[in-house]
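Colleague: 3D, please:
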Amino acid sequence: MQAEVHIDDDQLVTEFAERMNGMGDGVAARQAYREAFNRLLSQLTMYPVGGPRASAIFESAAKTARLLAARCLPLGIAVTMHLYPLCALQCVPLPRLSSARFKRAMLLRTIRNRGLILANAGSERAQGVDQPLIATPAAEGIHIDGTCEYMSLASVADIVFFMAKLAIWRSEERRVGKECR
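Modeller: Down below sits the predicted model:
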């Protein structure tokens, strides 16, 4: 499915821009963005089609980004920042019969079915930051310590891609952690 220009698309983008211009910051703005994004989902290809070729995935995403940017540049850029990690996730080569490939397929299905917005916090990590993010196993999942200077769509994202250093637990710490639960 490819993004095509329709009169309704113009109206949706115009309504989106007008609504966001009057919102400012905070919870109401995030909720307005979410609702407007979901309306766009019903009309546009916000999740690029899968396929065997990375170029087909990219072209699907690029058509949507171009369509939106032609009508509202900030919205086009925001959606591009959502599409970028999604395209990268789809294109990473993985062995056919691997658990990683299955987990990726399940994640992509969940993203599409639930209309989730992705964010990326990886750019400064590639530059060698003095204080990397630290991931520590915790009873409720994983605890992340640290900050990122910039994260696209940070205030509205459902899923954030980032790189973190895994904290190494000594056996005594694991034992104490289990006893405290």
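
Colleague: would you confirm that Thr64 contacts Tyr47?
Modeller: No - using Cβ atoms under 8 Å, Thr64 is not in contact with Tyr47, being 9.1 Å away. (Glycine included, C-beta is placed from N, CA and C.)

Colleague: please name the bridge partners of the residue nearest the centre of the chain.
Modeller: Residue closest to the average C-alpha location in the chain (Cα atoms, centre = their mean): Leu118, at 1.1 Å. Leu118 has these beta-bridge partners by DSSP bridges: Ile159.

Colleague: okay, it and Phe102: tell me how far apart.
Modeller: Leu118 sits 20 Å away from Phe102, going by Cβ to Cβ, to the nearest Å.

Colleague: low pLDDT regions in the chain?
Modeller: Scanning the chain for pLDDT under 70 picks out 1-9, 21-25, 50-52, 122-130, 169-181.

Colleague: all helices of it, in order?
Modeller: 7-21, 27-41, 54-71, 73-91, 99-114, 123-126, 171-180 (DSSP state H).

Colleague: residues in contact with Ala164?
Modeller: Taking Cβ atoms under 8 Å, 6 or more residues apart in numbering as the contact definition, Ala164 lies against Pro132, Leu133, Ile134, Ala135, Ile144, Gly146.

Colleague: what's near enough to touch the residue lying closest to the last one once chain neighbours are set aside?
Modeller: Closest residue to Gly146 in three dimensions, ignoring its sequence neighbours and counting by Cβ to Cβ, 6 or more residues apart in numbering: Leu133, at 3.8 Å. Contacts of Leu133 were listed using Cβ under 8 Å, 6+ apart, and they are Arg125, Ile144, Asp145, Gly146, Thr147, Cys148, Phe162, Met163, Ala164, Lys165.

Colleague: what about the fifth one, how many residues nearby?
Modeller: Same thing as Thr147. Applying other Cβ atoms under 10 Å, we find 10 other residues in the vicinity of Thr147.

Colleague: quick one: contacts for it?
Modeller: Taking Cβ under 8 Å, 6+ apart as the test, what Thr147 contacts is Leu133.

Colleague: roughly how far does Leu73 sit from Asn38?
Modeller: For Leu73, the distance to Asn38 - Cβ to Cβ - is 21 Å.

Colleague: what's the answer for Pro95, then?
Modeller: Counting by Cβ to Cβ, the gap from Pro95 to Asn38 is 35 Å.

Colleague: those two: who's more crowded?
Modeller: Taking other Cβ under 10 Å, Pro95 and Asn38 do not tie; Asn38 has more neighbours (12 against 8).

Colleague: quick one: contacts for the more buried one?
Modeller: Gly115.
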